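Q: need coordinates for the following:
(chains A and B)
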Number of protein chains: 2
Amino acid sequence: MEKWVLAIDVGGTFTKLGLVNAKGDILGAKVYDTGAKLPYKDFLSKLGIELRQLLSTHGKGIDVVAAGVGAPNANMHTGQMEDPPNFNWGTRVPLAKSIEDMCNLPTTIANDANAAALGEMTFGMARGMKNFVVLTLGTGLGSGIIINGELLTGENGMAGEIGHVNVDPHGRKCNCGLTGCLENYASVTGLKRTVFELISEMREESTLKQISFDDLTGVMIADAAHNGDPIALKAFQLTGEVLGSKMADTAAHLDPEAFILTGGLGKAGDLLLKPTIASMEKNLFIAYRGSIKVNISTAPSSHAILGPAALAFHYHVDHS
Amino acid sequence: MEKWVLAIDVGGTFTKLGLVNAKGDILGAKVYDTGAKLPYKDFLSKLGIELRQLLSTHGKGIDVVAAGVGAPNANMHTGQMEDPPNFNWGTRVPLAKSIEDMCNLPTTIANDANAAALGEMTFGMARGMKNFVVLTLGTGLGSGIIINGELLTGENGMAGEIGHVNVDPHGRKCNCGLTGCLENYASVTGLKRTVFELISEMREESTLKQISFDDLTGVMIADAAHNGDPIALKAFQLTGEVLGSKMADTAAHLDPEAFILTGGLGKAGDLLLKPTIASMEKNLFIAYRGSIKVNISTAPSSHAILGPAALAFHYHVDHS
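A: Residues are numbered from 1 along each chain as shown, chains lettered A, B, ... in the order given. A predicted model of the protein is given here:
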């Protein structure tokens, strides 16, 4: 009998869930407000209602065997969300246990980027790959590292924080308390900061000068770049240079087959990809030059539950 | 019957070999000139003579089951030394096959730092550890990464080139052709370069001003530092700052339990260790702070064959 898994993506704003089979078919996809600022028990009550509805509508006659959950700061080793920013659920949120108790399915949790990496390997453009790195370039920069076909979790479940490698010890302040972390340069927020730095430095006219920092979006910057805006073009150039140089450092650790870029910044396509690849190649140790693929994920963001689904398949179906 | 392995460390200057058992006991240890500038076939003839002598003297009545070889630029996936610098043996040296043919034992090769990492796990201070990084701080900076108890080799057998992550895009020229690679700062050679930079900048008296670059050694710098020499002290401080900040970046990839420092620079002890740890902690992402051990290897350098021995045990005894 075909196996299905319950897949849940807990975001700071929306929670997405659905049932997924090994082909990536989705049943009963649903999106609702997470309620990250409300108590954790409210989240669980609402999740319980949604799950009963999902399973009663779509779960009859199919074999649901496991659950996979992606969530901010989720630690696979402990099953907890640890100090999740922007959530009022406490410092150690026992998410895996709560969901396991609720639906009586073996449950694995991981942070969004780690789940995305497994998702790319199971359902996406990394099918057949064994060694690669997914970088999620959104508000911040998340990363998931696959080594020999397995997710790298590290000694304490916290591997893959490439967003916090250092770009410049005297550079931009990071929300994490450090200075100069990569995610302040190579993310949608980083791109916005670069635009504002360039506005402060350059004399060229730019439509971006009419927009406040809070109103500015990555799409606006990409649109301006496509229209030849000099500040937008230079911002993408600099973003790619920083990102590519740090991908070269990552390669010097891991010798990966590929990098896969995903998240909002990835939508900029060649605007981001070309300077990133050029900078990576320029900074690569000679043994790696010309051998590492850099791709932008083709998965639509509506498929956010495929990462969590891959977690469930990987740890509870494929390995069982 | 107790199992022994043949262990060979091929260095640019000396080749070391011997027989090793699972406890790390060594029989028939021998050191002789490698002849890196002579043809490869000369190396093989000499190795053949040495091996026959070793096995006829010490190999009788014991069970020698495999061979492990450490060598510069040795690639475990291909069994070849690839573009080894300072060797006149060609660009692709079939070392694993040559030795396998010669001694009729299953043979695994790896670069020195990778072998050292397995050596620390099998015989040294990483016994019981599953996730750690060995940094060999000698003429250059080599690295070996252990993930879940296995050596990280990467997609093409070239993982673990941490000596070539970037410290400063406008910094020191590296032998590899890049600019600002870590090994030009955190190695014996890097320390010497830092001393010369400081002599150019500082006004303080220093005994190191009496010594040419070619004559200067790491031990001289350490001795000067122990005598309170301001340039030597500052050179160690800066070396530790650079090394520690890059170890924080490595931690952001791997979430390791420990770093183990070995090689000539490690002999400086606390002169190196204190600023390194302080800098690493200052630059660590919050999730890792206070959790990562940094140790200097206690293995004497005369035990260079224990790394190759660990290779043989790991791939041909433990896993068989």
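Q: for the stretch 151-300 of chain A, what lies in contact range of chain B?
A: Contact residues (CB under 8 Å from any CB of the partner chain) of the stretch 151-300 of chain A with chain B: A:152-166, A:169, A:176-178, A:181, A:245, A:248-250, A:252-257, A:283, A:285-288, A:291. (Each C-beta comes from the backbone N, C-alpha and C, glycine too.)
Q: so who does A:Asn111 touch?
A: A:70-75, A:142, A:160 (CB atoms under 8 Å, 6 or more residues apart in numbering or on different chains).
Q: I'd assumed A:Ile99 was in contact with A:Ala67.
A: Yes. Contact criterion CB atoms under 8 Å: A:Ala67 and A:Ile99 qualify, at 5.8 Å.
Q: and of the contacts of A:Asn111, the nearest to chain B?
A: Nearest to chain B, judged by CB to the nearest CB, of those is A:Gly160 at 7.0 Å.
Q: which of the three states applies to that closest one?
A: Three-state call for A:Gly160 (DSSP: H, G, I helix; E, B strand; the rest coil): coil.
Q: next, give phi and psi for it.
A: Backbone torsions of A:Gly160, given as degrees, to the nearest 10, read phi 80, psi 50.
Q: what about it, how many neighbours?
A: 27 (other CB atoms under 10 Å in any protein chain shown).
Q: wait, what's in contact with it?
A: Applying CB under 8 Å, 6+ apart, the residues contacting A:Gly160 are A:111, A:113-114, A:117, A:142-145, A:152, A:154, B:253, B:255.
Q: contacting residues around A:Pro106?
A: A:65-67, A:100, A:315-316.
Q: ok, those residues vs chain B, which is closest?
A: Nearest member of the contacts of A:Pro106 to chain B, counting by CB to the nearest CB, is A:Tyr315, at 14.5 Å.
Q: show me the helices in chain A, by range?
A: A:40-58, A:95-103, A:112-122, A:188-201, A:218-226, A:230-254, A:270-283, A:306-313 (DSSP state H).
Q: if you compare the ones you listed, which one is most tucked away?
A: Counting by mean count of other CB atoms under 10 Å in any protein chain shown, helix A:306-313 has the highest mean neighbour count of the helices of chain A, with a mean of 30.
Q: returning to that earlier point: so for A:Ala67 and A:Ile99, which residues contact both of them?
A: Joint contacts of A:Ala67 and A:Ile99 (CB under 8 Å, 6+ apart) are A:8, A:105, A:107.
Q: so the first one sits right up against A:Leu54, yeah?
A: No. Between A:Ile8 and A:Leu54 there is no contact under CB under 8 Å: 10.0 Å.
Q: now do the shared contacts for these two.
A: A:Leu17.
Q: and A:Met202, how many neighbours?
A: Per other CB under 10 Å, the neighbour tally for A:Met202 reads 12.
Q: do A:Ala287 as well
A: Neighbours of A:Ala287 (other CB under 10 Å): 20.
Q: about what we covered before: out of the contacts of A:Pro106, which end up buried?
A: A:65-67, A:100, A:315-316 (16 or more other CB atoms under 10 Å in any protein chain shown).
Q: so, low pLDDT: which residues of chain A?
A: A:301-302, A:319-320 (pLDDT under 70).
Q: so what's the closest residue to chain B within the stretch 101-250 of chain A closest to, chain neighbours aside?
A: The nearest approach of the stretch 101-250 of chain A to chain B comes at A:Gly154, 2.5 Å away (CB to the nearest CB). Spatially, and ignoring its direct neighbours in sequence, A:Gly154 is nearest to B:Asp255 (2.5 Å; CB to CB, 6 or more residues apart in numbering or on different chains).
Q: list the contacts for the one you found?
A: Each residue near B:Asp255 by CB under 8 Å, 6+ apart is listed here: A:153-161, B:131, B:287-288.
Q: dump these to TSV, plus distance to B:Lys16.
A: TSV is the format used below for the contacts of B:Asp255 (distance: CB to CB, whole Å):
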residue	distance to B:Lys16
A:Thr153	37
A:Gly154	34
A:Glu155	32
A:Asn156	37
A:Gly157	40
A:Met158	39
A:Ala159	35
A:Gly160	38
A:Glu161	39
B:Asn131	29
B:Ala287	41
B:Tyr288	36
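Q: quick check: phi and psi on the residue lying farthest from the centre of chain A?
A: For chain A, the largest distance from the centre (CA atoms, centre = their mean) belongs to A:Arg203, which lies 35.5 Å off. The phi/psi pair for A:Arg203 (degrees, to the nearest 10) reads phi -100, psi -10.
Q: next up, the contacts around it.
A: Contacts of A:Arg203 by CB under 8 Å, 6+ apart: none found.
Q: run the last query once more with 10 Å
A: Applying CB atoms under 10 Å, 6 or more residues apart in numbering or on different chains, we find A:Arg203 in contact with A:Pro230.
Q: now it: how far from A:Ile231?
A: According to CB to CB, to the nearest Å, A:Arg203 stands 10 Å off from A:Ile231.
Q: is there a neighbour count for A:Lys293? I'd like the number.
A: Counted with other CB under 10 Å, A:Lys293 comes out at 14.
Q: hang on, I meant A:Lys16
A: 21.
Q: hang on, isn't it packed against A:Val31?
A: Yes. The pair A:Lys16 / A:Val31 is scored as a contact, 5.0 Å apart, by CB atoms under 10 Å.
Q: show the end-to-end separation of stretch A:87-94, please.
A: 13 Å (CA to CA, to the nearest Å).
Q: before we move on, the earlier item: show me the contacts for the residue of the stretch 101-250 of chain A closest to chain B.
A: A:75-77, A:145, A:160-161, B:130-131, B:147-148, B:251, B:253-257, B:287-288.
Q: next up, phi/psi of it, please.
A: phi 80, psi -180.
Q: now do A:His170
A: Torsion angles, degrees, to the nearest 10, at A:His170: phi -110, psi 20.
Q: that one and B:Ile147: what is the separation?
A: 33 Å.
Q: quick one, which of the two is more surrounded?
A: Neighbours were counted for A:His170 and for B:Ile147 using other CB under 10 Å; B:Ile147 has more, 25 against 6.
Q: quick check: that one touching A:Ile146?
A: No. With contact defined as CB under 10 Å, B:Ile147 does not count as touching A:Ile146 (11.4 Å).
Q: common neighbours of those two, please.
A: In contact with both B:Ile147 and A:Ile146: A:152, A:254, using CB under 10 Å, 6+ apart.
Q: do you know how far A:Arg52 is from A:Ser45?
A: Distance from A:Arg52 to A:Ser45, by CB to CB: 11 Å.
Q: A:His303 too?
A: Taking CB to CB, one finds A:His303 at 27 Å from A:Ser45.
Q: need the contact list for A:Ala115.
A: Counting by CB under 10 Å, 6+ apart, A:Ala115 has contacts A:7, A:9, A:68-71, A:74, A:76, A:108-109, A:134, A:136, A:142, A:144, A:151, A:304-312, A:314.
Q: just the residues you listed: which are in strands?
A: Among the contacts of A:Ala115, the ones falling in strands (DSSP state E) are A:7, A:9, A:68-70, A:74, A:108-109, A:134, A:136, A:142, A:144, A:151.
Q: turn those into TSV, including neighbour count.
A: Shown next, in TSV, are the ones in strands among the contacts of A:Ala115 (neighbours: other CB atoms under 10 Å in any protein chain shown):
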residue	neighbour count
A:Ala7	30
A:Asp9	25
A:Gly68	32
A:Val69	29
A:Gly70	29
A:Ala74	27
A:Thr108	25
A:Ile109	30
A:Val134	31
A:Thr136	28
A:Gly142	26
A:Gly144	29
A:Leu151	22
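Q: quick check, nearest of those residues to B:Lys274?
A: A:Gly142 (33.5 Å; CB to CB).
Q: so the closest one makes contact with A:Val133?
A: No. Using CB under 10 Å, A:Gly142 makes no contact with A:Val133, being 11.0 Å away.
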